[in-house]
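In: any chance you can model this:
(one chain, ligands or ions: 1)
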Amino acid sequence: MSRPRFITVEGVEGAGKSTCMALLEQRILARDHDVSVTREPGGTALGETLRELLLGHRHDGMGEDTELLLMFAARAEHLRVKIEPALVRGEWVLCDRFTDATYAYQGYGRGIELSRIAFLEDWVQGDRRPDLTLLLDLPIEQGLQRAGKRSAPDRFERQTLDFFERVRQGYLEMAASEPARYRVIDAAQALEKVSEQVVTVIDSYLDDVA
Ligand code: T5A
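Out: Prediction:
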């Protein structure tokens with residue numbers, strides 16, 4: 001049996017990550033791998049509390065550095081309590097957003113120097129990096145429209161279109177610079193077409209690492 005893999009799903013708001021996660025889980029389970037499904041910010045009791053602080057409106061004026069450090073505080077706990085133990089038990093880990101979201105939102109979006117994020121990444125994660133990342137890419141307006149239909153805007157969803165354009169471009173730059181890890185999915189299409197792309201990507205990955 002091959003070693004367990006750490007897979008992340010990224011994209012702007014409303015890209016369809018939740019739907020994609022469910023499909024990925026099904027396909028991985030179908031190959032008889034155990035899977036641990038989780039998300040960021042969150043994934044642990046403390047992480048979910050930090051998520052409420054980060055996404056809720058109670059601290060709307062939160063500083064950018066505070067936001068960055070809370071993301072990494074949640075991540076440190078997530079790695080310690082959930083991700084690393086699951087990988088050690090031999091489970092694949094499927095995570096809805098991870099550090100690429102920090103580069104995209106706090107780095108490209110807010111304008112925090114990427115080198116600072118890289119420093120925190122090395123500190124908190126050591127050598128741990130995702131093995132595979134699916135980026136669900138679509139025009140910002142389309143994603144926000146989908147997300148808006150589902151629930152009231154969280155603290156991030158109230159950002160400007162310019163902010164989200166920078167986030168999207170950041171993700172695309174990262175994907176272009178790491179083609180071995182990233183797979184870009186055209187998430188603007190109908191759900192059925194997006195699902196087909198996701199299945200093709202994960203099945204071919206599962207074949208490759210078998
Ligand atoms: N964040 C996170 C940071 O700033 N830094 C970090 O380090 C981290 C980890 C987290 C927020 O935190 C920020 C980024 C985020 O702003 P979140 O809940 O993880 O928030 O992220 P959201 O993007 O807000 O999650 P969403 O639930 O809005 O997006 P999804 O999961 O991508 O979308 P999903 O699957 O729920 O779909 C949204 C709606 O669209 C429909 C679905 O049915 C649903 O109603 N839909 C489609 N409709 C038509 N065609 C398709 N192809 C569709 N796909 C989905």
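
In: alpha carbons only for contacts and neighbour counts from here, please
Out: Noted.

In: any residue of the lowest-mean-pLDDT helix or strand in the chain touching the ligand?
Out: Every helix and strand of the chain was ranked by mean pLDDT, DSSP states H and E. The lowest is helix 140-150, at a mean of 91. Yes: with CA under 6 Å from any ligand atom as the measure, helix 140-150 is seen reaching the ligand through 146-147, 150.

In: stretch 124-132 too?
Out: No: against the ligand, stretch 124-132 shows no contacts by CA under 6 Å from any ligand atom, the least distance being 12.8 Å.

In: which other residues reach the host helix or strand of Leu23?
Out: When secondary structure is defined using DSSP states H and E, the element that contains Leu23 is helix 17-30. The contact list for helix 17-30 (CA atoms under 8 Å, 6 or more residues apart in numbering) reads 9-11, 34-35, 37, 94, 96, 136, 195, 198-199, 202-203, 206.

In: thinking again about what came up before, export the residues of helix 140-150 next to the ligand to JSON lines and tack on neighbour count?
Out: Shown next, in JSON lines, are the residues of helix 140-150 next to the ligand (neighbours: other CA atoms under 10 Å):
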{"residue": "Arg146", "neighbour count": "15"}
{"residue": "Ala147", "neighbour count": "18"}
{"residue": "Arg150", "neighbour count": "10"}
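
In: count the neighbours of Thr19 for me.
Out: Here the count is done by other CA atoms under 10 Å, and Thr19 has 12 residues near it.

In: could I get the pLDDT score of it?
Out: Looking at Thr19, its pLDDT reads 92.

In: again with the one 4 residues further on
Out: Confidence at Leu23, expressed as pLDDT, is 98.

In: which SSE is immediately downstream of the least confident helix or strand of the chain?
Out: Next along the chain after helix 140-150, taking DSSP H and E as the criterion, comes helix 161-177.

In: so what's the gap between that next one and the chain middle?
Out: 13 Å (CA atoms, centre = their mean, to the nearest Å).

In: give me the contacts around that helix.
Out: Contacts of helix 161-177 (CA under 8 Å, 6+ apart): 11-12, 100, 103-105, 108-110, 135, 137, 140-141, 181-184.

In: if we go to 10 Å?
Out: For helix 161-177, the surrounding residues in contact (CA atoms under 10 Å, 6 or more residues apart in numbering) are 10-13, 100-111, 133-141, 144, 156-157, 178, 181-184.

In: if we go by neighbour counts, what in it is buried?
Out: Of the residues in helix 161-177, those buried by neighbour count under the rule 16 or more other CA atoms under 10 Å are 163-168, 170-172, 174-175.

In: wait, does that helix contact the ligand?
Out: No: for a cut-off given as CA under 6 Å from any ligand atom, helix 161-177 has no contacts with the ligand; the smallest distance is 9.3 Å.
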